[in-house]
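> give me the fold of what follows.
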Amino acid sequence: MKKEEQVYFYLILFHVFIGMVIYAVPFMAKVYGYAIFLLGIYFVVKSQNKKDECLLVAGYVVGSELILRMTGGNITYEFSKYEVMVFIFMGMFYKGFSKGAVPYWIFLLLLVPGVVMSSFVLNFDSNIKNSIAFNISGPLCLAFASLYTYRRKLSLERMNNILLCLGLPIISCVVYLIFYTPNIRDVITGTDSNFETSGGFGPNQVATFLGLGMFIFFSRIILESKTKVLLLINLVLALIISYRGMVTFSRGGMITGFLMIVLLLVFLYFKSNFQGKVKLNYIFGLILVAMMGVWSYTSYQTGGLIEKRYANQDAAGRAKESQFTGREDVAKNEIKQFLENPIFGVGVGKGVENREVQTGNFILSHDEITRMLAEHGSFGALGLLILFVTPLVLYLENKFNMYLLCFVAFWFLTINHAAMRTAVPSFIYALSLLNVQLIPRTSPKKEV
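As a prediction, this is how the structure comes out:
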């Protein structure tokens with residue numbers, strides 16, 4: 001093995017080991033969580049963020065959020081979002097804000113009326129601080145990360161390293177899932193999202209991370225596999241992650257990951273010369289055969305139930321009444337609240353309380369768009385418009401950022417089925433704002 005292959009292989013093995021240890025000794029999840037925070041601070045301080053190390057650490061924090069949540073390893077349940085903000089603030093301390101990030105200052109200001117209003121309208125028996133923090137931490141994480149990344153120059157190699165930092169803890173999570181549910185056939189009995197194959201945790205969040213992990217390692221097949229050994233390692237990782245993602249029976253995250261792969265391949269195909277297109281044709285074929293193989297194996301392991309799940313059927317093959325497992329009713333309720341309170345909205349955290357009064361059920365929103373509209377009103381609508389338009393304007397300026405459309409698609413689709421429950425959509429969105437430079441590896445100016 002070459003040195004680069006050895007380093008990569010040992011990194012993978014180390015994170016396989018982490019997943020095994022956390023499964024065998026659950027307390028080690030706490031040790032792992034605290035170690036990430038403390039070592040991350042040391043790493044950024046020691047490097048003085050000269051090469052945007054804060055993004056590497058923040059990426060690792062985001063990637064580890066899932067396994068820490070499902071094993072109780074986080075300092076607090078929502079800590080990863082605040083942890084990302086801590087490292088972003090450290091990056092700002094050494095390198096400052098990005099110039100011209102006015103849209104995200106405006107976005108922050110637009111959040112204020114909803115927060116102020118909630119302090120007056122939330123029920124007396126509600127924990128006002130927790131209600132506000134739960135709903136606002138995601139948008140805050142996105143805004144502050146965006147203030148740092150907006151038009152900041154970064155090499156493609158560095159971007160791939162950030163994605164690797166995000167993907168490595170997902171490997172640990174997959175190993176944990178394999179030990180948690182080694183025999184898939186024993187626990188697949190229907191076509192609903194499966195908690196057993198998701199480590200006893202929410203399948204929606206698990207599939208979101210695994211779909212992203214699938215994209216990360218498929219992208220490394222295309223962009224970071226300079227040798228056959230690296231190609232094989234990345235292919236095996238991508239296939240295993242894909243399989244474990246599919247058997248969660250949660251569709252949103254996996255469809256999103258697959259769409260990201262398609263967007264990346266289409267972008268590269270149209271930007272490549274003739275020789276590049278020939279190579280990409282082989283890669284298209286490889287990925288297509290690999291995905292068909294994973295799908296066939298998943299179908300075999302689930303007794304054909306995976307096809308019925310994606311066809312929105314129950315185990316008997318009958319079409320289900322709701323294609324979105326009832327989430328459309330929550331979205332309709334939030335749109336109704338927005339229409340009744342179009343200016344200021346109902347206040348942060350008040351939407352779920354109103355819904356409980358109206359329906360008798362305490363149901364949290366899965367759609368960040370309708371939640372923003374209901375709880376922030378017209379200010380939320382304007383904030384969402386800023387989030388949609390800004391990266392697209394940047395794409396028109398720099399059409400060589402191959403990840404931009406992939407990241408925006410991930411953010412948009414994820415907040416439509418998983419809101420901003422985790423830090424991952426906020427951080428991935430912020431990465432779409434980076435000005436990725438296609439600098440050759442041999443260039444002496446490797447990092448910008």
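> can you report how many residues lie near Asn312?
Other residues near Asn312 come to 15 when the count uses other CB atoms under 10 Å. Every residue, glycine included, has its C-beta placed from N, CA and C.
> no no, Gly276
Counted with other CB under 10 Å, residues neighbouring Gly276 total 12.
> separation between it and Leu265?
For Gly276, the distance to Leu265 (CB to CB, to the nearest Å) stands at 12 Å.
> distance between the longest helix seen in the chain and the chain's centre?
If you go by DSSP state H, the chain has its longest helix at helix 368-397. For helix 368-397, the distance from its own C-alpha centre to the chain's C-alpha centre is 18 Å (CA atoms, centre = their mean, to the nearest Å).
> equivalent analysis for stretch 212-230, please.
When distances are taken as CA atoms, centre = their mean, stretch 212-230 is centred 18 Å away from the chain's centroid.
> what do you get for stretch 255-267?
When distances are taken as CA atoms, centre = their mean, stretch 255-267 is centred 14 Å away from the chain's centroid.
> also stretch 68-82?
Mean-position distance between stretch 68-82 and its chain equals 15 Å (CA atoms, centre = their mean).
> what does it rub up against?
Stretch 68-82 has contacts (CB atoms under 8 Å, 6 or more residues apart in numbering) with 22, 26, 29-30, 32-34, 37, 61-62, 64-65, 67, 133-134, 137-138, 140-141, 173, 176, 198-201, 205-206, 422-423, 426.
> same thing but 7 Å
Judged by CB atoms under 7 Å, 6 or more residues apart in numbering, the contacts made with stretch 68-82 from elsewhere in the structure are 22, 26, 29-30, 32-33, 61-62, 65, 133-134, 137-138, 141, 199-201, 423.
> strands along the stretch 51-200 of the chain, start to end?
All strands of the stretch 51-200 of the chain, identified by DSSP state E, counting those that start in this stretch, fall at 153-155.
> find the nearest non-adjacent residue to Ser131, please.
Of all residues beyond its chain neighbours, the one nearest Ser131 is Gly349 (3.4 Å), with distances taken as CB to CB, 6 or more residues apart in numbering.
> should've said Lys277
Excluding its sequence neighbours, the residue lying closest to Lys277 (CB to CB, 6+ apart) is Tyr269, at 6.1 Å.
> quick one: buried residues of the helix or strand harbouring the one you found?
For Tyr269, the enclosing helix or strand under DSSP states H and E is helix 251-271. The neighbour-count criterion (16 or more other CB atoms under 10 Å) identifies 251-254, 256-261, 263-265, 267-268 as the buried residues of helix 251-271.
> out of the residues you listed, give me the two with the largest separation.
Set against one another by CB to CB, the buried residues of helix 251-271 have their most distant pair in Arg251 and Leu268, with a gap of 26.0 Å.
> where does the stretch 251-400 of the chain dip in pLDDT?
Residue ranges of the stretch 251-400 of the chain with pLDDT under 70: 321-326.
> just the buried ones from the contacts of stretch 68-82, in PyMOL syntax?
Those of the contacts of stretch 68-82 that meet the burial criterion (16+ other CB under 10 Å) are gathered into one PyMOL selection, given here:
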select buried, resi 22+29+30+32+33+61+62+65+133+134+137+138+141+199+201+423
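> and Arg371, how close does it get to Glu340?
Noted for Arg371: a distance of 15 Å to Glu340, by CB to CB.
> the more surrounded of those two?
Between Arg371 and Glu340, counted using other CB under 10 Å, the more crowded position is Arg371 (29 against 11).
> tell me how far that one lies from Asn281.
To Asn281, Arg371 is 43 Å away according to CB to CB.
> over to Gly252?
When CB to CB is the yardstick, Gly252 and Asn281 sit 30 Å from each other.
> equivalent analysis for His376, please.
Remark: distance between His376 and Asn281 (CB to CB) = 47 Å.
> excluding its backbone neighbours, what's nearest Lys226?
Glu4 (7.7 Å).
> ok, that neighbour - how many residues close by?
By other CB under 10 Å, the residues close to Glu4 number 13.
> do the same with Gly377
Counted with other CB under 10 Å, Gly377 comes out at 23.
> nearest residue to it other than its sequence neighbours?
The spatially closest residue to Gly377, leaving aside those adjacent along the chain, is Gly345, at 3.3 Å (CB to CB, 6+ apart).
> repeat that for Pro425.
Across the structure, with CB to CB, 6+ apart as the measure, the residue nearest Pro425 apart from its sequence neighbours is Thr414 (4.3 Å).
> got the angle for the host helix or strand of Leu286 vs helix 251-271?
Counting by DSSP H and E, the secondary-structure element that holds Leu286 is helix 274-301. Computed by axes from the mean of the first three to the mean of the last three CA atoms, to 10 degrees, the angle separating helix 274-301 from helix 251-271 equals 160 degrees.
> check contacts around Ile211.
Actually, residue 211 is Gly. It isn't Ile. Gly211 sits in contact with Gly245, Gly253, Met254, Thr256, Gly257, where contact means CB under 7 Å, 6+ apart.
> can you rerun that using 8 Å?
Gly245, Gly252, Gly253, Met254, Ile255, Thr256, Gly257, Phe258, Met260.
> for Leu147, state which of these is nearest.
Ranking those by separation from Leu147, with CB to CB as the measure, puts Met260 on top at 24.6 Å.
> wait, what's in contact with the residue nearest to Gly377?
Gly345 sits next to Gly114, Met117, Gln337, Phe338, Leu373, Ala374, Glu375, His376, Gly377, Ser378, Phe379, Gly380 when contact means CB under 8 Å, 6+ apart.
> tell me the SS of it?
Here Gly345 takes the coil state, with states given by DSSP: H, G, I helix; E, B strand; the rest coil.
> how close does it sit to Ala423?
Between Gly345 and Ala423 the distance, using CB to CB, works out to 24 Å.
> show me where the stretch 301-448 of the chain has helices.
Ranges of helices within the stretch 301-448 of the chain are 305-310, 327-340, 350-359, 368-397, 404-417, 424-431, based on DSSP state H, counting those that start in this stretch.
> mean neighbour count, the ones you listed: which tops it?
Among the helices of the stretch 301-448 of the chain, the stretch with the highest mean neighbour count (mean count of other CB atoms under 10 Å) is helix 424-431, at a mean of 27.
> flag every buried residue along stretch 218-238.
218-225, 229-231, 233-235, 237-238.
> hmm, back to that, angle of the helix holding Tyr269 against helix 327-340?
80 degrees.
> against which helices or strands is helix 251-271 packed?
In terms of contact count using 3 or more CB pairs under 8 Å, 6 or more residues apart in numbering; DSSP states H and E, helix 251-271 is assigned the packing partners helix 203-223, helix 228-246, helix 274-301, helix 404-417.
> with distance to Asn361 added, can I get the ones you listed in CSV?
Putting the helices and strands packed on helix 251-271 into CSV (distance: least, CB to CB, whole Å) gives the following:
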stretch, distance to Asn361
helix 203-223, 18
helix 228-246, 29
helix 274-301, 33
helix 404-417, 19
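> and of these, who's closest to Val16?
Ranking the helices and strands packed on helix 251-271 by their distance to Val16 (criterion: CB to CB) puts helix 228-246 first, at 10.1 Å.
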